[in-house]
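Asker: A structural model of the following input is requested.
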Amino acid sequence: GLDAAARSGRLTPEAARALPPEELRTTMAEQGVALGSDVTPATRDAALHWQRVSGMGKLLRDIAVIGLALVGAAWGTSRARPDFRARNAVERAMRGALIGAALIAILSTVGIVLALIFNTVEFFRLYPAAEFFFGTTWSPSFGGGSELGILPLLWGTLYISLIALVVAVPIGLFAAIYLAEYAHRNLRSWAKPMLEMLAGIPTIVYGLFALLTVGPLLVEAFGRGGYLGLGWMQGGTAVMTAGLVMGIMLIPFVSSLSDDIINAVPQSLRDGSLGLGATRSETIRQVVLPAALPGIVGAVLLAASRAIGETMIVVLGAGAAARLSMNPFDAMTTVTAKIVSQLTGDADFSSPEALVAFALGMTLFVITLALNVVALWIVRRYREQYE
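Answerer: Numbering: from 1, shown residues only. Prediction:
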């Protein structure tokens, strides 16, 4: 506030320094600058010093900008010759900028992978790899004696992802078939954007939806006191809760990719089938879907990699229990959730309990990379066949 009043010209630094501290607040209030507390001499001197430093910095910035502009103008004037090919120079500059952007992306990926590798190697120096990959108990303890078996986390990750795909793939695929083959273009023009709006909802919102809505509904249906009286579900956080909500999140992902793949099937195949007397549904079942199947499989694998890497829905909807269970109404956890929990708090990053997060991340990276490679290989093979 003191700096603002001084910059406005209504209170000069000399006048501010001459005023007693108890009168400075009243004087500034009269000039339209409100302060929350009285101004001490130290605060006044600090504000005036900041004003001087800020003014000097702005002056130096203006001088630097003007100097660079003059240097650029002189350089441009010296380069302006009749034999100068500006188009070639611009092309070289654009190519250099694009190469720089590509290198930044590549080097960022390499840096992330190297960070995972180095910390994973350090973890396996402190903890046996065999117990990590084949252990069935996840019980970290920063006081020592931890059991860090990844199998319960992988089981929870794959179980939740499987339920999500069971929900997302049929609904997303049927929606794509309707939009691509049956829907009028006017309906498609607003229905597809509405469907894809689901992909723009933050995952934390899905997690809250799972925690506050889907979980209690499942407890009312499958809990001990539910109207079905089955007693399968003890609480709102469960594999089924996270799987259902994650499946809803993946619907636009599967639908959009499948719709593009179905539309890429040549129209001549449809015309030939209809010309032979097949109905539209028979044409879809026996011609369009078999032709688009490789691309659809690739879309499903990409959706699976997206489900495996999800975190917030799992944290809020599935619980934090690392267990091996076949009951979809039990609370479980995933690799991503444990990465978050292991790096939260005042952890010693030289301990196995902290470094295990990097080993979990590396394992998850390898799994999702394999799924993406397989999916892209299938999609590329499909595109080469029908382009």
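
Asker: how many residues are close by G272?
Answerer: 13 (other CB atoms under 10 Å). (C-beta placed from N, C-alpha, C; glycine too.)

Asker: next: the one 10 residues further on.
Answerer: Here the number of neighbours of E282 (other CB under 10 Å) works out to 13.

Asker: I204: what's it in contact with?
Answerer: M312, L316 (CB atoms under 8 Å, 6 or more residues apart in numbering).

Asker: helix or strand: which one has it?
Answerer: helix 203-209 (DSSP states H and E).

Asker: buried residues in that helix?
Answerer: Buried residues in helix 203-209, counting neighbours by 16 or more other CB atoms under 10 Å, are found at T203, Y206, G207, L208, F209.

Asker: alpha carbons only: can I get it in CSV?
Answerer: The C-alpha trace of helix 203-209 is given here as CSV (Å, rounded to 0.1, in the frame of the first residue of the first chain):
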residue,chain,number,x,y,z
THR,A,203,-10.8,-37.1,-12.5
ILE,A,204,-11.1,-35.7,-9.0
VAL,A,205,-14.7,-35.0,-9.8
TYR,A,206,-15.2,-38.6,-10.8
GLY,A,207,-13.5,-39.6,-7.6
LEU,A,208,-15.9,-37.5,-5.5
PHE,A,209,-18.8,-39.0,-7.5
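
Asker: closest to E282 out of the buried residues of helix 203-209?
Answerer: Y206 (37.6 Å; CB to CB).

Asker: surely that closest one meets I248?
Answerer: Yes: applying CB atoms under 8 Å, one finds Y206 in contact with I248, separated by 7.3 Å.

Asker: average pLDDT for the helix or strand harbouring V110?
Answerer: Following DSSP H and E, one finds V110 within helix 86-126. Helix 86-126 carries an average pLDDT of 90.

Asker: can you check stretch 286-296 too?
Answerer: Stretch 286-296 shows a mean pLDDT of 85.

Asker: check which residues of that stretch are buried.
Answerer: Buried-residue list, stretch 286-296, by 16+ other CB under 10 Å: V287, V288, L289, A291, A292, P294, G295, I296.

Asker: go ahead and name everything in contact with it.
Answerer: Outside stretch 286-296, the residues that touch it by CB under 8 Å, 6+ apart are 173, 177, 181, 257-258, 261-262, 264-265, 269-270, 272-273, 278, 378-379, 381-383, 385-386.

Asker: buried ones among those?
Answerer: Taking 16+ other CB under 10 Å as the criterion, what is buried in the contacts of stretch 286-296 is 173, 177, 181, 257-258, 261-262, 265, 270, 273, 278, 378-379, 382.

Asker: could I get the full set of helices for the stretch 1-150 of the chain?
Answerer: For the stretch 1-150 of the chain, applying DSSP state H, counting those that start in this stretch gives helices covering 2-7, 13-18, 21-30, 41-79, 86-126, 129-134.

Asker: ditto for the stretch 251-387 of the chain
Answerer: Using DSSP H, counting those that start in this stretch, helices in the stretch 251-387 of the chain cover 267-275, 280-283, 289-308, 312-317, 335-342, 352-386.

Asker: quick one: the fifth one to helix 289-308, angle?
Answerer: Calculated by axes from the mean of the first three to the mean of the last three CA atoms, to 10 degrees, helix 335-342 forms an angle of 10 degrees with helix 289-308.

Asker: for the last one, same thing?
Answerer: Between helix 352-386 and helix 289-308, the angle comes out at 160 degrees (the same axes, to 10 degrees).

Asker: what is helix 352-386 packed up against?
Answerer: helix 86-126, strand 147-148, helix 151-177, helix 289-308, helix 335-342 (3 or more CB pairs under 8 Å, 6 or more residues apart in numbering; DSSP states H and E).

Asker: let me know the average pLDDT across stretch 47-63.
Answerer: Rounded mean pLDDT across stretch 47-63 is 85.

Asker: mind listing what's buried in that stretch?
Answerer: A47, L48, Q51.

Asker: just how off-centre is stretch 129-146 within its chain?
Answerer: Here stretch 129-146 is found 29 Å from its chain centre; the criterion is CA atoms, centre = their mean, to the nearest Å.

Asker: check stretch 258-277 too.
Answerer: 35 Å.

Asker: now swap in stretch 156-166 and tell me
Answerer: Worked out by CA atoms, centre = their mean, stretch 156-166 lies 19 Å from the chain centre.

Asker: before we move on, what about stretch 357-368?
Answerer: The answer for stretch 357-368 is 16 Å, by CA atoms, centre = their mean.

Asker: one more: stretch 342-361?
Answerer: Taking CA atoms, centre = their mean, one finds the center of stretch 342-361 at 21 Å from the center of the full chain.

Asker: give me the contact list for that stretch.
Answerer: Outside stretch 342-361, the residues touching it (CB under 8 Å, 6+ apart) are 115-116, 119-120, 122-124, 126-127, 132, 140-142, 146, 148, 150, 153, 335, 338-339.

Asker: what about burial for the residues you listed, which qualify?
Answerer: 116, 119-120, 122-124, 127, 132, 140, 146, 148, 150, 153, 335, 338-339.

Asker: of all the helices of the stretch 251-387 of the chain, which one is nearest G67?
Answerer: helix 352-386 (47.2 Å).

Asker: the closest one vs helix 86-126, what angle?
Answerer: Note on geometry: by the same axes, to 10 degrees, helix 352-386 and helix 86-126 are set 130 degrees apart in direction.

Asker: count of neighbours near the nearest residue to T334 once chain neighbours are set aside?
Answerer: In space, and not counting its chain neighbours, T334 is closest to T157: 4.1 Å by CB to CB, 6 or more residues apart in numbering. When neighbours are counted by other CB under 10 Å, T157 registers 27.

Asker: T157 and I308: what is the separation?
Answerer: Relative to I308, T157 is positioned 6 Å away (CB to CB, to the nearest Å).

Asker: touching both of the two, which residues are there?
Answerer: V335, L364.

Asker: for the residue lying closest to S146 once chain neighbours are set aside, grab phi and psi.
Answerer: Leaving aside its chain neighbours, S146 sits nearest to P140 (4.7 Å; criterion: CB to CB, 6+ apart). Phi and psi for P140, reported as degrees, to the nearest 10, are phi -70, psi 140.
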